[in-house]
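Asks: predicted model and sequence below, questions to follow.
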Amino acid sequence: MAIQYKQSDIIKGGIIYALGDTIAALISQDFEWIRFVGILVIGATIYALEIPNYFKWIDKKVASDGSISSSFKRAGLAMLYFNPLWIARHILFIQLLTGKYDQIGWGILIAGSLSFVFNIPLSLAANYLIQNKVSLKNRFLASAIFSGLMAIYYSLSAIWF
């Protein structure tokens, strides 16, 4: 499987993740330009590389045959990607970008785990729709929008949990 890293994914990932995180930062009165630029770069690099390729792998691994079994397998595989470690890593990026090194510790993993657990019903529904109703071409955009919204949730979960 050839690795995909397209300019359109770079632009979409950077803008949408930065926008979602900026909204979260403005809500929590924690906006910093370095955070904005950092999340823009992370969305345009790490997420724009990882997520479309993972979705492509899901397409290859589980056929979209319309059955309930394969539909939930596809949604479950997407949820495996956006797991507590992924959420904790996102929170870690924010802590690093904002210079809150003293807040880096096991608490980030706990926050990621709690965020994941509380979010399972919404995340399962969204991933089910994204993996089964959106074409592979538009799947990263749909996922980035959902993830941008979830970035707001994850950023705020660092405060709530």
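Replies: Thanks, I have it.

Asks: only C-alpha atoms from now on, for both contacts and neighbour counts.
Replies: OK.

Asks: for residue 75, give me its contacts.
Replies: The contact partners of residue 75, taken as C-alpha atoms under 8 Å, 6 or more residues apart in numbering, are 124, 127-132.

Asks: ok, so of those residues, who is nearest residue 10?
Replies: Comparing the contacts of residue 75 against residue 10 with C-alpha to C-alpha places residue 130 closest, at 19.1 Å.

Asks: residue contacts, the closest one?
Replies: 75, 139, 142-143.

Asks: show me which of the residues you listed is closest to residue 33.
Replies: Looking across the contacts of residue 130 and measuring by C-alpha to C-alpha, the closest to residue 33 is residue 143, at 24.6 Å.

Asks: helix or strand: which one has that closest one?
Replies: Secondary structure from DSSP states H and E places residue 143 in helix 136-160.

Asks: next, the buried residues of that helix.
Replies: Neighbour-count burial for helix 136-160 flags 136, 139-158 (criterion: 16 or more other C-alpha atoms under 10 Å).

Asks: which strands and helices sit next to the lowest-mean-pLDDT helix or strand in the chain?
Replies: Least confident helix or strand of the chain, by mean pLDDT, DSSP states H and E, is helix 136-160 with a mean of 81. Applying 3 or more C-alpha pairs under 8 Å, 6 or more residues apart in numbering; DSSP states H and E, one finds that helix 136-160 contacts helix 7-27, helix 48-61, helix 84-97, helix 106-133.

Asks: got a list of contacts for the helix or strand following the first one?
Replies: Put plainly, it is helix 7-27. Downstream of helix 7-27, the next assigned helix or strand under DSSP H and E is helix 33-42. Contacts to helix 33-42, defined as C-alpha under 8 Å, 6+ apart, come from residues 13-15, 17-18, 21-22, 93-94, 97-98.

Asks: if I look at residue 39, how far off is residue 106?
Replies: Distance of residue 39 to residue 106, computed by C-alpha to C-alpha, to the nearest Å: 22 Å.
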